[in-house]
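Undergrad: just need the structure, nothing else, for what follows:
(4 chains)
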2 protein chains.
Amino acid sequence: MTTMSTPAAQRPRATMKHVAALAGVGVKTVSRVINDEPNVTPATAERVWNAVRELDYQLDLQAGSLRRADGRTRTLGLLVGSVDNPFAGAIHRAVEDIAAARGVAVFASSMDDDAGRESEAVRAFLQRRVDGLILTTASDHPEYLSLLRDRGLPVVYVDREPMESDVDTVASDNRAGAAAGTAHLVAHGHRRIALLTDRLDLVTARERRLGYLDALAQAGIPVSEELIVTGLHDAKDAAAALGRLLSSHEPPTAVFSAQNLITIGALHALRDAGRSHSVALVGFDDVALADLLDPGVTVVAQDPQQIGARAADRVFARLEGVEDSPSRIVVPVRLITRGSGEIEPPERS
Amino acid sequence: MTTMSTPAAQRPRATMKHVAALAGVGVKTVSRVINDEPNVTPATAERVWNAVRELDYQLDLQAGSLRRADGRTRTLGLLVGSVDNPFAGAIHRAVEDIAAARGVAVFASSMDDDAGRESEAVRAFLQRRVDGLILTTASDHPEYLSLLRDRGLPVVYVDREPMESDVDTVASDNRAGAAAGTAHLVAHGHRRIALLTDRLDLVTARERRLGYLDALAQAGIPVSEELIVTGLHDAKDAAAALGRLLSSHEPPTAVFSAQNLITIGALHALRDAGRSHSVALVGFDDVALADLLDPGVTVVAQDPQQIGARAADRVFARLEGVEDSPSRIVVPVRLITRGSGEIEPPERS
DNA sequence: GTGAAAGCGCTAACAA
DNA sequence: TTGTTAGCGCTTTCAC
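TA: Residues are numbered from 1 along each chain as shown, chains lettered A, B, ... in the order given. Sure, this is the predicted structure:
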């Protein structure tokens, strides 16, 4: 049914050999010209470039890396929770910008907080010979880590720090941030503060819970286990969980939600219960349009752009031979007050 | 300053040759086992797998693709406006899921609506021998396109359709969607409807403008050029532009914003001017938390997940040899009424 | 059922 | 300044 231009009659991809033949030089000379190496006369270079244009020649980086001394593929592997999450998107963009400036391309994958998917993704990266890895992990002790170390492959963990000691990491100050967010609620008079968070096998959830507990302890407020809901993964879960809490016998007067999707769920639950203006809310991680809601959503904002940038810098430093001991970079968070976190509790609770 | 474990003393990466030697077989047998080819005794296979585990062997897909008959690298290139934009994130995730199911990894890049960056990104993909491309373009006639066709490389454009006729595309129904959004405002009594949109050299901006004009024409409303603002790129631009319109002599009573970031800017401008409840707004493309704002934001929602999925399906169909004529897949949009689009104009305007 | 040899496109090493 | 040869890790071809 196709008209015009014989279908599978593509011009076969040109190789260096073709270019060399057309330019009347040896392949090594072509290689020199393409890779901008010295010791080629301008005249020769010109003839090569003409042949390159003539044939639409594109260097095959893969083939080159096979033989190149450093074995580099000019490729990076980036693993995030989901490329669909705004937090991951910001990290990804920062990594991409730094990598692209060095002629390095980025493989991006999602792991949905599943250690199995995580291992699979790392395996896929390794089989493609990435030069370095920027990873988010769902596990405290990733089983592939010793292999990466044996290979001498640069790895930087972002967002979540594995429990291993000798690994580069870049993450938010989860515990202090959660403590600050919770303390903010305490400072506004709350004593019944709910915590909505993720599965506790994720280090971020554990750290943020500890921060929450720190703030309560600091204020001498006893912990009410019934106000702590863990294992939340998406906005729907979170909305349902908070809905139940709000209709319970002794509902919380304030909520600390430990993650962007959970915050969104909490906002829905509060709205559905008509409590947006009477129950306080502080979220960890900023969400889009938080400033335009009524009330504005008070958050402990992370800086994903900086997390991505510092992780990429670290990977490239390792690739350039920096051998200093592993660093655990902590990116500060910032409390942004917009209204929801400054709601006071009812007179008597 | 480093302690323990001699730094650069990595175990060299194992190759098939090492595995073959350890298992006491030839390399071809290792290849057969690894790639699950027939004609290997279970006993031999077992010995090979043991050697593989022993050495932590990882197949080198790059090296393989160099020699493989089909030359496939099991790699895809995805180019979007920015990996940081939620619309792109959703497309990316859909593409990733379909690719991962086939053992294909995805390179993702951002082009910021810059034809130069677009060409660079495509070049980078080609040099890495991707099997196929899913591209967003900033140009009506991408100069690299004929090259891709010569190579017989599968390409599918998403979101933006180049003017070339014989190319696979997957995009929203931009014109009809914009017309529906504008007509919705007309139906609520508006006659002074502003259009906020992107640079008109982007086909999406042109199409959405045409849709806007269609709706006005349909209603017999004359076009007021002073109500049409083009060349908007981010939320800040858009907010400033709408701010100016609102404080002009004859301000619009309604706004159609043609893109997610512009909608966010428009929301800010309306809020800052105290006109959120008096000026109507319909946005093209949904935004997070749009349902929780007051009023809720009425939008013409796109379906980026489906756009990504259909594009990926198409690329893989091409890779599997489907030779039918190029298809222009149009993904329907959906008007979601939430309040902002149902605001009526003041009694006399 | 198995393995030896050739060669994919490139860069390294060396010779001219 | 330039070209030739070998070889990166793998798959293909073909012989056993």
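Undergrad: and the residue of the stretch 51-200 of chain A nearest chain B?
TA: Here the stretch 51-200 of chain A gets closest to chain B at one residue, residue A:152, 3.5 Å apart by C-beta to the nearest C-beta. The C-beta positions use only the backbone N, C-alpha and C, and glycine is treated the same way.
Undergrad: roughly how far does that residue sit from residue A:144?
TA: 14 Å (C-beta to C-beta, to the nearest Å).
Undergrad: ok, now residue A:67?
TA: In terms of C-beta to C-beta, residue A:67 sits 27 Å off from residue A:144.
Undergrad: looking at the two now, which is surrounded by more residues?
TA: Neighbours were counted for residue A:67 and for residue A:144 using other C-beta atoms under 10 Å in any protein chain shown; residue A:144 has more, 20 against 7.
Undergrad: and that one, what's its pLDDT?
TA: Note for residue A:144: predicted pLDDT of 96.
Undergrad: isn't it right up against residue A:124?
TA: No. At 11.5 Å, residue A:144 does not count as touching residue A:124 under the criterion of C-beta atoms under 8 Å.
Undergrad: hey, what's in contact with both of those two?
TA: Residues touching both residue A:144 and residue A:124 by C-beta atoms under 8 Å, 6 or more residues apart in numbering or on different chains: none at all.
Undergrad: could you show which parts of the stretch 51-200 of chain A are in contact with DNA strand D?
TA: A:63, A:66-67 (C-beta under 7 Å from any atom of the strand).
Undergrad: near DNA strand C too, which of the residues you listed?
TA: Within those, those near DNA strand C by C-beta under 7 Å from any atom of the strand are A:63, A:66-67.
Undergrad: okay, and the residue nearest the centre of chain A sits in which element?
TA: With distances taken as C-alpha atoms, centre = their mean, residue A:88 lies nearest the centre of chain A, 4.1 Å away. Residue A:88 belongs to helix A:86-100 when assigned by DSSP states H and E.
Undergrad: same question for residue A:108.
TA: Going by DSSP H and E, residue A:108 is part of strand A:105-110.
Undergrad: next, the angle from that strand to helix B:86-100.
TA: 90 degrees (axes from the mean of the first three to the mean of the last three C-alpha atoms, to 10 degrees).
Undergrad: then the helix or strand following strand A:105-110 to CSV, C-alphas only?
TA: Next helix or strand after strand A:105-110 toward the C-terminus (DSSP H and E): helix A:115-127. The C-alpha trace of helix A:115-127 is given here as CSV (Å, rounded to 0.1, in the frame of the first residue of the first chain):
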residue,chain,number,x,y,z
ALA,A,115,13.9,-3.8,45.2
GLY,A,116,13.4,-6.3,42.4
ARG,A,117,12.9,-3.7,39.7
GLU,A,118,15.8,-1.8,41.2
SER,A,119,18.1,-4.8,40.7
GLU,A,120,16.8,-5.4,37.2
ALA,A,121,17.4,-1.7,36.2
VAL,A,122,21.0,-1.8,37.6
ARG,A,123,21.6,-5.0,35.6
ALA,A,124,20.3,-3.4,32.5
PHE,A,125,22.6,-0.4,33.1
LEU,A,126,25.6,-2.7,33.6
GLN,A,127,24.9,-4.6,30.4
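Undergrad: list of residues touching helix A:115-127?
TA: Counting by C-beta under 8 Å, 6+ apart, A:77, A:79, A:107, A:109-111, A:133, A:135, A:137-139, A:142-144, A:148, A:151, A:153, B:58-61, B:100, B:103, B:105 sit against helix A:115-127.
Undergrad: let's see the PyMOL selection covering just the buried ones among those residues.
TA: Buried members of the contacts of helix A:115-127, defined by 16 or more other C-beta atoms under 10 Å in any protein chain shown, are picked up in PyMOL with:
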select buried, (chain A and resi 77+79+107+109+110+111+133+135+137+138+139+142+144+148+151+153) or (chain B and resi 58+59+60+61+100+105)
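Undergrad: count of neighbours near residue A:221?
TA: 16.
Undergrad: ok but residue A:201 is inside a strand, no?
TA: No. Residue A:201: not assigned to a strand; according to DSSP: H, G, I helix; E, B strand; the rest coil it is coil.
Undergrad: who's in contact with it?
TA: For residue A:201, the contact set (C-beta under 8 Å, 6+ apart) comprises A:138, A:140.
Undergrad: how far away is it from residue B:142?
TA: 47 Å.
Undergrad: same thing with residue A:158?
TA: Residue A:158 is 34 Å from residue B:142, by C-beta to C-beta.
Undergrad: can you tell me which residues contact the closest residue to residue A:229 other than its chain neighbours?
TA: Spatial nearest neighbour of residue A:229, excluding adjacent residues (C-beta to C-beta, 6 or more residues apart in numbering or on different chains): residue A:241 at 4.6 Å. By C-beta under 8 Å, 6+ apart, the contact set of residue A:241 is A:196, A:229, A:232, A:265, A:269.
Undergrad: in three-state terms, label residue A:241 for me.
TA: Strictly by three-state DSSP, residue A:241 counts as helix.
Undergrad: so which bits of the stretch 1-150 of chain A are right by DNA strand C?
TA: A:13, A:15-17, A:27-28, A:31, A:34-35, A:59-60, A:63-64, A:66-69.
Undergrad: buried sites along stretch A:315-324?
TA: A:315-319.
Undergrad: what domains does the record give for chain A?
TA: A:16-63, A:75-172+A:304-331, A:174-303 (the TED database).
Undergrad: hang on, the earlier thing: now, the contacts of residue A:241 that are in helices?
TA: Judged by DSSP state H, helices contain the following of the contacts of residue A:241: A:265, A:269.
Undergrad: who wins for most neighbours among the contacts of residue A:241?
TA: residue A:196 (29 neighbours).
Undergrad: how about the contacts made by residue A:300?
TA: A:177-178, A:180-181, A:282-285, A:333-336.
Undergrad: show me where the stretch 151-300 of chain A has its strands.
TA: A:155-158, A:168-172, A:193-196, A:228-229, A:254-257, A:280-284, A:298-301 (DSSP state E, counting those that start in this stretch).
Undergrad: make a markdown table out of those strands and add mean pLDDT.
TA: Below are the strands of the stretch 151-300 of chain A laid out as a markdown table (pLDDT from 0 to 100):
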| stretch | mean pLDDT |
| --- | --- |
| strand A:155-158 | 98 |
| strand A:168-172 | 98 |
| strand A:193-196 | 98 |
| strand A:228-229 | 98 |
| strand A:254-257 | 98 |
| strand A:280-284 | 98 |
| strand A:298-301 | 98 |
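Undergrad: would you tell me which one of the ones you listed is buried the most?
TA: strand A:254-257 (a mean of 30; mean count of other C-beta atoms under 10 Å in any protein chain shown).
Undergrad: what about it, distance to the chain center?
TA: On the basis of C-alpha atoms, centre = their mean, to the nearest Å, strand A:254-257 sits 24 Å off its chain's mean C-alpha point.
Undergrad: is it anywhere near chain B?
TA: No. Judged by C-beta under 8 Å from any C-beta of the partner chain, strand A:254-257 makes no contact with chain B; its nearest approach is 13.8 Å.
Undergrad: who touches that strand?
TA: A:178, A:181-182, A:185, A:188, A:190, A:192-197, A:212, A:238, A:242, A:263, A:265-266, A:270, A:279-284, A:343, A:345.
Undergrad: give me the subset of those residues touching DNA strand C.
TA: Counting by C-beta under 7 Å from any atom of the strand, no member of the contacts of strand A:254-257 is near DNA strand C.
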